[in-house]
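> Provided below for reference: sequence and predicted model.
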Amino acid sequence: MSNKVFGKLPSNIQIVSDGVSTQHVPVNILSYKNRRTDARVIKGYLKASGGKFDRRIWQEPLVAELPDGTRYLFDGDHRRVLYKMAYPTKETMPVQVVRVKDKEEISRLFVAINKTARKPLNSNEVFVHEYLGGIQEALNTGQTLTRCNLKVDLGTGEAGTYVGHSGGQQVKIDGFRKAVKDTGAASVQNACSIIQSVWSDQKSIGAEMLHGFALLDYNTSLLSNNKHKQLFEEFLNACKMADITSKKVSTTLKSEGRGKKTNNFPESVALGALLKFRDWASAGKKLSKTTFNRHYGKYVKDLQDMMGI
């Protein structure tokens with residue numbers, strides 16, 4: 001770092017707010033929908049300072065003050081814990097207090113700060129706070145999650161730290177968004193329905209199976225043909241008996257459908273599912289290969305060409 005700037009900067013910048021001050025607040029001030037406080041992060045801070053609390057590298061947590069005077073710690077729970085470890089008898093700690101107009105602004109500030117901050121946010125954390133901050137794309141995605149009986153959860157156990165259906169299974173937002181982008185919300189919802197009918201007892205749904213089954217719905221009639229959908233669900237239950245979890249079944253299907261290409265995982269799942277379903281259904285005389293090929297042969301060929309098989 002130096003005082004010399006390389007590259008061109010704007011001639012002036014607008015000051016958004018001067019409403020910032022250093023104050024002391026109760027050390028146990030309530031957090032606003034923060035991330036889980038991870039012991040590994042705290043150990044990392046201590047390691048960086050030789051196992052000691054170094055005030056020179058400790059930064060004051062950020063506290064938001066609403067117009068009615070209500071205050072929340074919204075960034076710095078790990079630093080709060082470090083401070084309490086260093087000063088176990090102190091009842092207050094120094095913080096930076098910033099004035100905000102509403103709770104949505106707290107979430108927007110949280111995202112703006114942490115997208116380039118000390119501990120990078122993961123995609124789920126960014127998404128939840130984009131949703132809480134009222135960002136329209138996140139609000140739309142939240143509605144789709146709810147319709148799919150899914151949720152994105154920060155895992156803190158605190159109220160309001162998830163987006164989607166309160167009793168839904170968890171999903172990673174990146175994989176969910178990619179599936180919706182590639183196949184549409186309706187196909188993702190149909191894929192969720194059949195996965196959840198078989199693995200209703202699981203806490204989460206894997207993105208590769210979700211995306212792969214959404215591809216089946218988008219490109220074939222497998223999940224809309226009632227007879228074939230019923231057979232496919234029966235096939236999945238048979239897979240469940242052998243491999244138990246949807247993750248293991250997904251890995252098996254992906255392996256079956258993987259060709260020379262190694263990075264088309266959803267397509268591998270889709271192809272593996274069709275091939276194994278064909279063999280299972282024909283062996284049990286539930287669906288002939290001729291009928292299967294009439295309905296699904298073209299998409300099987302398209303996937304095989306894509307995968308280099």
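Looks like it came in fine.
> Tell me where the stretch 101-250 of the chain is predicted with low confidence.
Applying pLDDT under 70 to the stretch 101-250 of the chain flags residues 116-120, 243.
> hmm, try it at 90
Applying pLDDT under 90 to the stretch 101-250 of the chain flags the ranges 108-122, 126, 133, 135, 154-161, 201, 239-250.
> neighbours around the nearest residue to L222 once chain neighbours are set aside, how many?
Of all residues not flanking L222 in the chain, L216 sits nearest, at 5.0 Å (Cβ to Cβ, 6 or more residues apart in numbering). (C-beta placed from N, C-alpha, C; glycine too.) By other Cβ atoms under 10 Å, the residues close to L216 number 26.
> Next: I29.
16.
> Quick one: residues contacting it.
By Cβ atoms under 8 Å, 6 or more residues apart in numbering, I29 lies in contact with 63, 71-73, 95.
> quick one: it from E65, how far?
Going from I29 to E65 by Cβ to Cβ, to the nearest Å gives 11 Å.
> Now for these two: what residues contact both?
Joint contacts of I29 and E65 (Cβ under 8 Å, 6+ apart) are R71.
> quick revisit: starting from the helix or strand hosting the residue nearest to L222, tell me the next helix or strand along the chain.
When elements are assigned from DSSP states H and E, L216 belongs to helix 207-219. Downstream of helix 207-219, the next assigned helix or strand under DSSP H and E is helix 226-243.
> so F53 touches A86, yeah?
Yes - using Cβ atoms under 8 Å, F53 is in contact with A86, at 3.7 Å.
> Next, K103: phi, psi?
Backbone torsions of K103, given as degrees, to the nearest 10, read phi -70, psi -30.
> What is the neighbour count of it?
19.
> Would you confirm that it contacts P67?
No - counting by Cβ under 8 Å, K103 does not reach P67; the two are 11.0 Å apart.
> and the closest residue to H24 other than its chain neighbours, what does it touch?
Counting by Cβ to Cβ, 6+ apart, H24 lies nearest to T92, which is 4.2 Å off, once chain neighbours are set aside. For T92, the contacting residues are 24-27, by Cβ under 8 Å, 6+ apart.
> And T92, how close does it get to H78?
18 Å.
> just V98 next, same as before
Counting by Cβ to Cβ - V98 and H78 are separated by 19 Å.
> quick check, nearest of the contacts of T92 to S107?
V25 (20.0 Å; Cβ to Cβ).
> element containing that closest one, please.
Assigned by DSSP H and E, V25 belongs to strand 20-26.
> If you count neighbours, what's buried in that strand?
V25 (16 or more other Cβ atoms under 10 Å).
> which helices and strands does the next helix or strand after that strand pack with?
Next in sequence after strand 20-26, counting helices and strands by DSSP H and E, comes helix 39-48. If contacts are counted by 3 or more Cβ pairs under 8 Å, 6 or more residues apart in numbering; DSSP states H and E, helix 39-48 sits against helix 77-86.
> how about the helix it packs on: buried residues?
77-83.
> any chance of these in CSV, with pLDDT and distance to T141 too?
Shown next, in CSV, are these (pLDDT from 0 to 100; distance: Cβ to Cβ, whole Å):
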residue, pLDDT, distance to T141
D77, 90, 26
H78, 90, 28
R79, 90, 31
R80, 92, 31
V81, 91, 32
L82, 92, 35
Y83, 93, 36
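> could you dump these to a markdown table with distance to K254?
Formatted as a markdown table, the buried residues of helix 77-86 follow (distance: Cβ to Cβ, whole Å):
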| residue | distance to K254 |
| --- | --- |
| D77 | 38 |
| H78 | 37 |
| R79 | 42 |
| R80 | 43 |
| V81 | 41 |
| L82 | 43 |
| Y83 | 47 |
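> Closest to Y45 out of the residues you listed?
Checking those against Y45 by Cβ to Cβ gives L82 as the nearest, at 6.0 Å.
> Just to check, the closest one is in contact with W58?
Yes - using Cβ under 8 Å, L82 is in contact with W58, at 6.3 Å.
> Next, R294: secondary structure please.
State at R294, reduced to three classes by DSSP: H, G, I helix; E, B strand; the rest coil: helix.
> count of residues packed around it?
Neighbourhood size, R294 [other Cβ under 10 Å]: 10.
> Let me know the pLDDT of it.
Note on R294: pLDDT of 94.
> Is A270 within a helix or a strand, and which one?
Using DSSP H and E, the element containing A270 is helix 265-283.
> For the residue nearest to H24, name its beta-bridge partners.
Going by DSSP bridges, T92 is paired in beta bridges with P26.
> what does the one 5 residues further on give?
In this structure, V97 bridges to S21, V63 when assessed by DSSP bridges.
> how close does it get to G76?
The gap separating V97 from G76 is 12 Å, by Cβ to Cβ.
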